[in-house]
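Q: only geometry, no sequence info:
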């Protein structure tokens, strides 16, 4: 059905927002709205401008016969810092973040859709140009973050597991050492879940010694895949961490009984100049 | 800054889509766009109509001083059936769905953002009026579905775990029997993750004997919470299932070696008249 500019803008906005990182041809919109190419181009000019002004991200134009537009969700560094500072404020408001054994409680945050949307968009924005073809995380607490980033980058996510379940078909397993201890653990990934030659963004909720992420890096090699980046929501403040990978964190957690609540939070490496 | 109708429509569309099930006051839009209330009302009329035409869902108006609009993501039964039939088509295209032990392989589906968006919206639409305040699922494979439904209903989701992890603080644990066997297993939920008196939508990927869901129902009682509904992506075709709960499924899986691929898929209970 032929529709007018106003409803067209509403529909196009929704369409692009729900198809991030996907090339949409002008022809598609022309036939969807039974409108002239020139009208669609004008619509896209309006959308482009407002998407940037509103901070949704940018709409890129790809020229040529196979061309069209791609919506790339992004958040400016300034906006991301404001969001993460809000997050820090909320995390600090609770009294019982530090659990026995020194673990940092994040479960409430990782179950809140609003917070997850923000975290996912910040990470997806940072890796918008990474050309990652998949996301890898480890069960259970990395999953909500990985899934949100996957939604914004519009690529599949795979879940490495520490427990062996019989319901997923043949798996590849590797051993990895928990840093700071001599404990050797096992992680597994279903063989068919990640294509060989993938370019993978690795996501986790918390970086402590780095053993788990080192393990996921080994797993990537088993799948002849490369690492597109490593992002964690929080990292502990561990100056002498012996790791052989680059990563970005949103929040740095410094645990010290001398602080009022036993910890202090600051902006992570992603926001360093 | 004062902005014109076209860019306003783009921004309002995005705003409502990313704040489902949330009351947004007209005053909020009036000050956001520095526009007259009458203009905002006209905008909302356009949005309302197009949201329904495009199948995003409906925009409800709440009258009165504390009034405003609420965007409810919905999908018509007809559209949902088309989507689930597409899903069935894709599931049937693969040769190796049936794993040793009779398990049904779904991992590829549960890692695909596009499929998850559709599944999440179908379930959220069905339970749009359930007044659920939280979603409960069990690790690991229920999580992606639960998270998508949580995003559309804009409520938190909690993850019950079969393994005991030390990093989440004190937990409530219950024992449950795996149906068809005499095995007794244990599931746990972090105490602070679900407020007492919640109204909970229970989500899982696969319903076999019903032991896991019976377990989650017991868990709800431990939290003095009520069940707002139970939804599963797939259920096995088990005519003599002895369960004491109502549920809805999207897909019914009939396993039989006499079928070409060892199974046949049909529409689940959600689409019965």
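A: That came in fine, so what should we check first? Here the structure is a predicted model, which is why all the values come from computation and not from measurement.
Q: Paired strands for the lengthiest strand in chain A, with orientation please.
A: Longest strand in chain A, counting residues (DSSP state E): strand A:226-236. Strand A:226-236 has the following sheet partners, assigned by DSSP bridges: strand A:199-207 (parallel), strand A:248-255 (parallel).
Q: The very next helix or strand once past the last one and chain B, any residue contact?
A: Counting by DSSP states H and E, the next helix or strand C-terminal to strand A:248-255 is strand A:263-267. No - under the criterion of CB under 8 Å from any CB of the partner chain, chain B is not reached by strand A:263-267; the shortest gap measures 14.8 Å. (Each C-beta comes from the backbone N, C-alpha and C, glycine too.)
Q: So what are the sheet partners of strand A:263-267 and their directions?
A: Strand pairing for strand A:263-267, determined by DSSP bridges: strand A:248-255 (antiparallel).
Q: And the host helix or strand of residue A:28, what does it pack against?
A: Residue A:28 belongs to helix A:26-33 when assigned by DSSP H and E. If contacts are counted by 3 or more CB pairs under 8 Å, 6 or more residues apart in numbering or on different chains; DSSP states H and E, helix A:26-33 sits against helix A:5-17, helix A:37-53, strand A:68-73.
Q: Next, the buried residues of it.
A: Within helix A:26-33, the residues that count as buried by 16 or more other CB atoms under 10 Å in any protein chain shown are A:29-30, A:32-33.
Q: Any regions of the stretch 101-250 of chain A where pLDDT drops low?
A: Where the stretch 101-250 of chain A drops to pLDDT under 70, the residues are A:164-167, A:179-181.
Q: Neighbours of residue A:118, how many?
A: For residue A:118, the count of nearby residues is 20 (other CB atoms under 10 Å in any protein chain shown).
Q: out of the strands paired with strand A:226-236, deepest packed?
A: Among these, strand A:199-207 has the highest mean neighbour count (mean count of other CB atoms under 10 Å in any protein chain shown), at a mean of 24.
Q: Quick check: which of the strands paired with strand A:226-236 is nearest to residue B:144?
A: Closest of the strands paired with strand A:226-236 to residue B:144 is strand A:199-207, at 13.8 Å (criterion: CB to CB).
Q: Distance from the closest one to the middle of the chain?
A: 8 Å (CA atoms, centre = their mean, to the nearest Å).
Q: which is the next helix or strand following that strand?
A: Downstream of strand A:199-207, the first helix or strand assigned by DSSP H and E is helix A:211-222.
Q: ok and that next one relative to strand A:199-207, angle-wise?
A: Put simply, helix A:211-222 runs at 170 degrees to strand A:199-207, going by axes from the mean of the first three to the mean of the last three CA atoms, to 10 degrees.
Q: and the nearest residue to residue A:243 once chain neighbours are set aside, how many neighbours?
A: Among residues not flanking residue A:243 along the chain, residue A:210 sits closest, at 4.1 Å (CB to CB, 6 or more residues apart in numbering or on different chains). Residue A:210 has 23 neighbours, counted by other CB under 10 Å.
Q: so where do the helices sit in the stretch 101-250 of chain A?
A: Under the criterion DSSP state H, counting those that start in this stretch, the stretch 101-250 of chain A carries helices at the ranges A:113-126, A:143-153, A:211-222.
Q: So for chain A, the centremost residue is which one?
A: Chain A has residue A:149 as the residue nearest its centroid, 2.9 Å off, counting by CA atoms, centre = their mean.
Q: interface residues of the stretch 151-273 of chain A facing chain B?
A: For the stretch 151-273 of chain A, the contact set with chain B under CB under 8 Å from any CB comprises A:151, A:154-159, A:161, A:163, A:165-169, A:190, A:192-193.
Q: how about the closest residue in space to residue A:130 that isn't next to it in sequence, what does it touch?
A: Using CB to CB, 6+ apart and skipping the chain neighbours, the partner closest in space to residue A:130 is residue A:228 (4.3 Å). With contacts defined as CB atoms under 8 Å, 6 or more residues apart in numbering or on different chains, residue A:228 is in contact with A:127, A:130-133, A:199-201.
Q: picking up where we left off before, with mean pLDDT and mean neighbour count as extra columns, can I get the helices and strands packed on helix A:26-33 in JSON lines?
A: Putting the helices and strands packed on helix A:26-33 into JSON lines (pLDDT from 0 to 100; neighbours: other CB atoms under 10 Å in any protein chain shown) gives the following:
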{"stretch": "helix A:5-17", "mean pLDDT": "96", "mean neighbour count": "21"}
{"stretch": "helix A:37-53", "mean pLDDT": "95", "mean neighbour count": "17"}
{"stretch": "strand A:68-73", "mean pLDDT": "97", "mean neighbour count": "20"}
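Q: and the closest residue to residue A:41 other than its chain neighbours, what is it in contact with?
A: Leaving aside its chain neighbours, residue A:41 sits nearest to residue A:26 (7.2 Å; criterion: CB to CB, 6+ apart). Neighbouring residues of residue A:26 by CB under 8 Å, 6+ apart: A:37, A:40-41, A:44, A:67-69.
Q: got it, and residue A:83?
A: A:75, A:118, A:122.
Q: what pLDDT does the first one get?
A: At residue A:75 the predicted local distance difference test score is 97.
Q: Can you give me the neighbour number for it?
A: For residue A:75, the neighbour count with other CB under 10 Å is 22.
Q: Would you mind giving the secondary structure of it?
A: coil (DSSP: H, G, I helix; E, B strand; the rest coil).
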